[in-house]
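Visitor: Here you go, sequence then predicted model.
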Number of protein chains: 2
Amino acid sequence: MKERIRLPKLIDKIVSAEEAASWFKDGMVVGMSGFGRASDAKEIPLALVERAKKEPFQLDVYTGASLGPEVDHYMVEAGIIRKRGPYQAEKLMRNSINEGITLYTDMHLSHNAELVRNGIIGPIDFAIIEASAITEDGLIIPTNSVGNTPIYAQYADKILIELNTAQPDLEGIHDIYVPEKAGKGRRQPIPIVDPADRIGELGIRVDVDKIAGIVHSELRDAPALIIEPDEETQVMANHLIEFLREEVASGRVDELPVIQSGVGTVANAVLNGFLESDLTDLELYSEVLQDAVFDLIDAGKIKIASGTSITLSERYCDKVYNNIEKYADKLVLRPQEISNHPEVIRRLGLVCINTALEADIYGNVNSTHVFGTQIMNGIGGSGDYARNARIGIFVTKSSAKAGSVSSIVPMVSHVDHTEHDVDVIITEQGVADLRGMAPKERVKAIIDNCAHPNFKDKLWDYYNRAVEETNNAQTPHILEEAFSWHIEYKNAKKKVKA
Amino acid sequence: MKERIRLPKLIDKIVSAEEAASWFKDGMVVGMSGFGRASDAKEIPLALVERAKKEPFQLDVYTGASLGPEVDHYMVEAGIIRKRGPYQAEKLMRNSINEGITLYTDMHLSHNAELVRNGIIGPIDFAIIEASAITEDGLIIPTNSVGNTPIYAQYADKILIELNTAQPDLEGIHDIYVPEKAGKGRRQPIPIVDPADRIGELGIRVDVDKIAGIVHSELRDAPALIIEPDEETQVMANHLIEFLREEVASGRVDELPVIQSGVGTVANAVLNGFLESDLTDLELYSEVLQDAVFDLIDAGKIKIASGTSITLSERYCDKVYNNIEKYADKLVLRPQEISNHPEVIRRLGLVCINTALEADIYGNVNSTHVFGTQIMNGIGGSGDYARNARIGIFVTKSSAKAGSVSSIVPMVSHVDHTEHDVDVIITEQGVADLRGMAPKERVKAIIDNCAHPNFKDKLWDYYNRAVEETNNAQTPHILEEAFSWHIEYKNAKKKVKA
């Protein structure tokens, strides 16, 4: 592994994970690499878990986004994490948050770096960064994600590097650009006008004197858990591709727009849908690049795929990382501040595809909270994209829990994306194109096109009575009943449990 | 007025308002100048009202933002407006919307131009534009606002100009820059890095062959209605200035940041507060420039004030417009797409001050809907600013209706700004700095610092019981009671009426 440390003076910084872990003090703030289970710090977190068996301590842990089990399972289990941000997606972490044990600041993924810069997150005591190499001039080469690593490295008091010789060596595909602190005459425009533009350096430039330790690691990231799409997911994906095709055909967009697609099964299914379609020369400006992106590259359908992380299932890890030369010139990995930056998203005119937990008849979307109370994962980048998209699309199945619960409700129990930021809703039932519509026009589009047939009458009944009760106001609601669907289901669930 | 038409071939386009009004057909879509009761089209709307007395017809009317009575009172009264966007603030228009007569698409003010470009609003049949002059090379010089006029002029099939010789002649202070359609390799960065930067032309460049008529007007805008700040407003303004002073003192911001301040009494009071403070060299990058801005210029405290409109009370109109040479070099008026553009707002690191109707214990803000149903005005630019601000501040008095209603509630009845976009809440009680906080941390900050003492116990009671009921979930709520405060007040109001 020493040949990966190409700046000789850093060789004597090599330490064991145990030693590095011993430097942490109770109450410290830590910024870690890792975005979508890619490039997570692993050895030091596991050593912290070991240390916690002997003495209790707690840390505030900020990352790029969701991590694998080392942090969001084992560190949680060990009771180490006092506060977590900006995103998580692991069961044990979720439970710990929803039991009031771990504090969780769920935030727009493009905002995290600004909060560090403005002294709201921090002071950061340690940045823990997975890297595949350190170059002759001290650039840190990330592995398969960039996330928030550049900003943590810049602002942390000390830097710990996990030099990983088992994770992919992607030197050359990163593009690291870190904006100046916001402010008049200081911050310049981000000069991306094409998703393929490279505007920064090939690695993360740090003050090498801040590097306190380098730990050797051979742990690989936990692979992405991909659920195969079911029939409804496939139908949703087809609706979406058909909608895009019509947009192009209508001339409303003059070519296939650059696409952002969220994480998970639907996103994968949508991208897979392009495989069979006649749409070609796809350009992605996205967060996480999943399996389907690489099938599309294999099929010659991708011009460029820009993201902040590559998150693959086990099978695809081997396929991609053992043949990276086949893919490298189609890929750019950027800091999440740039992959999710409103400035770039709006300029490029993205079509953005994200997932809703539930949507209401006026087009407000809940992507985070069950019953408005229990967090699922977090808002992630969905707000960065939806607000600034040329077309902001949310997908959800029209019902959940084996058809017993409608995903289209009178009023969402938590709002992540307001009526102003939701352009299109797609379920397996169809497409509601809400752009330019007043609230009452949206009701018809959403119920008629997106609600499950079993719930349409009930939704119309609520709306019609709300119109009557409010004398046909701008946004008719019966506040006494707005959450009755949630309450009914919650009580039924309680009964079953009892 | 002919000397104001400096492109001779346009002289023969002069027509009466009546004639211009006769060209409109039922169902047409119209884009009008006007932002915050400044630069409204007036003669043609009034002629349309006259025409409607003889034959019924309806139009969809989009503007910059709120207009004075010609459109949002008289045209509404005449039943002419089928659909309205993107903002309004007149009583009769509000009633018409809340009685289900006029459809209203309330949208982010920076998004409106994109919807025109993308073919969602439109095709636009007529743009009606108030101007103070047309230059030798066909540039249209707006009066005291720019708003959406450039985009309507660009996309409208035909243009009607109200050449107004009574409204202020502000030639030289406008800066008209219209982005290309979003898209890869096409749209370029907006090159503003300082609020004083001028990046465009001095007037609106149009296809002069589209100018169908020029109507002479001597009608002045309805003046702004400024309510004198009461004691509580003054206290809020003082809290805000003290908060800013501490931000600078703490080093979190390294100089007084550029400021955006919303419309109305609080905004005016805040700016007036700067008059007595030691803060100087103020820079504004805002929407509406109100009376207080000009007092600050008189006091030598303003370096630059950039906005999209100048909206003054009657007294200030005379003071400012009769001495415009005293103010001109401190002023820039831009299209609202630029004054409100996320790209520029985030780059400049603005501190943004906007008004809430109500806020909840987790920091979600309702700025538009009473009881979640009746619209007040609209979201306006508040979302453009709050989402992208370095510090997004919302101000509201802690109680309304003579103290009988708390503005801090368990759950807001409509969400315009989610917990992710609200950094600071200020009431006359104090300041809740929510940046970086998890939901539970926010509860304490908001109730302790911002709620009215009469409601604190009741808020804590709700929260504590919600914690118990949800087993201390991420965002404890009792859905059965979340709106009980609204319902209680609504029923009490009904009782009084009955």
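Guide: Perfect, thanks for sending it. Numbers count the residues shown, from 1 in each chain, chains lettered A, B, ... in the order given.

Visitor: Closest residue of the stretch 301-450 of chain A to chain B?
Guide: A:Gly349 (3.0 Å; Cβ to the nearest Cβ). To be clear about C-beta, it is placed using only N, CA and C from the backbone, and glycine gets the same treatment.

Visitor: Distance check, that residue against A:Asn118.
Guide: According to Cβ to Cβ, to the nearest Å, A:Gly349 stands 29 Å off from A:Asn118.

Visitor: These two: which is more packed in?
Guide: Each of A:Gly349 and A:Asn118 has its neighbours counted (other Cβ atoms under 10 Å in any protein chain shown); A:Gly349 has more, 24 against 20.

Visitor: end to end, how far does stretch A:301-311 reach?
Guide: Using Cα to Cα, to the nearest Å, the end-to-end distance of stretch A:301-311 comes to 20 Å.

Visitor: Centre of the chain to that stretch, how far?
Guide: 14 Å (Cα atoms, centre = their mean, to the nearest Å).

Visitor: Ok, stretch A:107-116 next?
Guide: With Cα atoms, centre = their mean as the basis, stretch A:107-116 stands 13 Å off its chain's centre.

Visitor: The residue of the stretch 301-450 of chain A closest to chain B reaches B:Gly185, doesn't it?
Guide: No: counting by Cβ atoms under 8 Å, A:Gly349 sits too far from B:Gly185 to count as a contact (10.7 Å).

Visitor: Now do the helices in the stretch 301-450 of chain A.
Guide: Along the stretch 301-450 of chain A, the stretches classed as helices by DSSP state H, counting those that start in this stretch are A:314-321, A:324-327, A:336-339, A:342-348, A:382-388, A:439-450.

Visitor: what residues does the stretch 101-250 of chain A put near chain B?
Guide: Residues of the stretch 101-250 of chain A lying close to chain B by Cβ under 8 Å from any Cβ of the partner chain are A:103-108, A:111, A:114-115, A:118-121, A:181-191, A:193-195, A:250.

Visitor: follow-up on the earlier one: relative to A:Ile44, which of the helices of the stretch 301-450 of chain A is closest?
Guide: Proximity to A:Ile44, assessed across the helices of the stretch 301-450 of chain A by Cβ to Cβ, is greatest for helix A:336-339 (21.3 Å).

Visitor: in chain A, which strand has the most residues?
Guide: In terms of residue count, the longest strand belonging to chain A (DSSP state E) is strand A:126-134.

Visitor: Rounded mean pLDDT for that strand, please.
Guide: In this model, strand A:126-134 has a mean pLDDT of 98.

Visitor: Kindly report the same for stretch A:9-23.
Guide: On average, stretch A:9-23 scores 98.

Visitor: Just the pLDDT for A:Lys495.
Guide: A:Lys495 carries a pLDDT value of 84.

Visitor: Next: A:Arg205.
Guide: On pLDDT, A:Arg205 comes in at 98.

Visitor: A:Met107 falls within a strand, correct?
Guide: No: counting by DSSP: H, G, I helix; E, B strand; the rest coil, A:Met107 falls outside a strand, being coil.

Visitor: so what's it closest to, chain neighbours aside?
Guide: A:Pro86 (4.3 Å; Cβ to Cβ, 6 or more residues apart in numbering or on different chains).

Visitor: for A:Ile128, same thing?
Guide: A:Ala41 (4.1 Å).

Visitor: okay, now that neighbour: neighbour count?
Guide: For A:Ala41, using other Cβ under 10 Å, the count is 32.

Visitor: got a list of what it touches?
Guide: A:32-34, A:70-71, A:128-130, A:160, A:162 (Cβ atoms under 8 Å, 6 or more residues apart in numbering or on different chains).

Visitor: and what of A:Arg117?
Guide: A:Arg117 touches A:151, A:155, A:181-182, counting by Cβ under 8 Å, 6+ apart.

Visitor: Between all of these, which two are separated the most?
Guide: A:Tyr155 and A:Ala182 (14.7 Å).

Visitor: quick one, which of those two is more surrounded?
Guide: A direct count of neighbours by other Cβ under 10 Å for A:Tyr155 and A:Ala182 places A:Ala182 higher, at 22 against 17.

Visitor: returning to what we had before: now mean pLDDT and mean neighbour count too, for the helices of the stretch 301-450 of chain A, in JSON lines please.
Guide: As requested, these are arranged in JSON lines below (pLDDT from 0 to 100; neighbours: other Cβ atoms under 10 Å in any protein chain shown):
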{"stretch": "helix A:314-321", "mean pLDDT": "93", "mean neighbour count": "17"}
{"stretch": "helix A:324-327", "mean pLDDT": "95", "mean neighbour count": "14"}
{"stretch": "helix A:336-339", "mean pLDDT": "98", "mean neighbour count": "28"}
{"stretch": "helix A:342-348", "mean pLDDT": "98", "mean neighbour count": "26"}
{"stretch": "helix A:382-388", "mean pLDDT": "97", "mean neighbour count": "29"}
{"stretch": "helix A:439-450", "mean pLDDT": "98", "mean neighbour count": "20"}
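
Visitor: Need the pLDDT of A:Leu275.
Guide: Looking at A:Leu275, its pLDDT is 87.

Visitor: What is the distance between the strand or helix carrying it and the centre of its chain?
Guide: Assigned by DSSP states H and E, A:Leu275 belongs to helix A:265-276. On the basis of Cα atoms, centre = their mean, helix A:265-276 sits 18 Å off its chain's mean C-alpha point.

Visitor: Please apply the same query to stretch A:111-131.
Guide: Computed by Cα atoms, centre = their mean, the chain-centroid distance of stretch A:111-131 equals 18 Å.

Visitor: Could you export that stretch as PDB, CA atoms only?
Guide: Output of stretch A:111-131 as PDB, limited to C-alpha atoms (Å, rounded to 0.1, in the frame of the first residue of the first chain):
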ATOM      1  CA  HIS A 111     -26.700  22.800   1.700                       C
ATOM      2  CA  ASN A 112     -24.500  20.700   3.900                       C
ATOM      3  CA  ALA A 113     -21.200  22.300   2.700                       C
ATOM      4  CA  GLU A 114     -22.600  25.800   3.200                       C
ATOM      5  CA  LEU A 115     -23.400  25.000   6.800                       C
ATOM      6  CA  VAL A 116     -19.800  23.900   7.300                       C
ATOM      7  CA  ARG A 117     -18.500  27.000   5.700                       C
ATOM      8  CA  ASN A 118     -20.800  29.200   7.700                       C
ATOM      9  CA  GLY A 119     -19.700  27.600  11.000                       C
ATOM     10  CA  ILE A 120     -23.000  26.000  11.700                       C
ATOM     11  CA  ILE A 121     -21.700  22.400  11.400                       C
ATOM     12  CA  GLY A 122     -18.500  22.300  13.400                       C
ATOM     13  CA  PRO A 123     -15.900  23.100  14.300                       C
ATOM     14  CA  ILE A 124     -15.000  19.700  12.800                       C
ATOM     15  CA  ASP A 125     -12.400  17.900  14.800                       C
ATOM     16  CA  PHE A 126     -11.700  15.000  12.400                       C
ATOM     17  CA  ALA A 127     -12.400  14.300   8.800                       C
ATOM     18  CA  ILE A 128     -12.200  10.600   8.000                       C
ATOM     19  CA  ILE A 129     -11.700  10.000   4.400                       C
ATOM     20  CA  GLU A 130     -11.400   6.800   2.300                       C
ATOM     21  CA  ALA A 131      -8.900   7.300  -0.500                       C
END
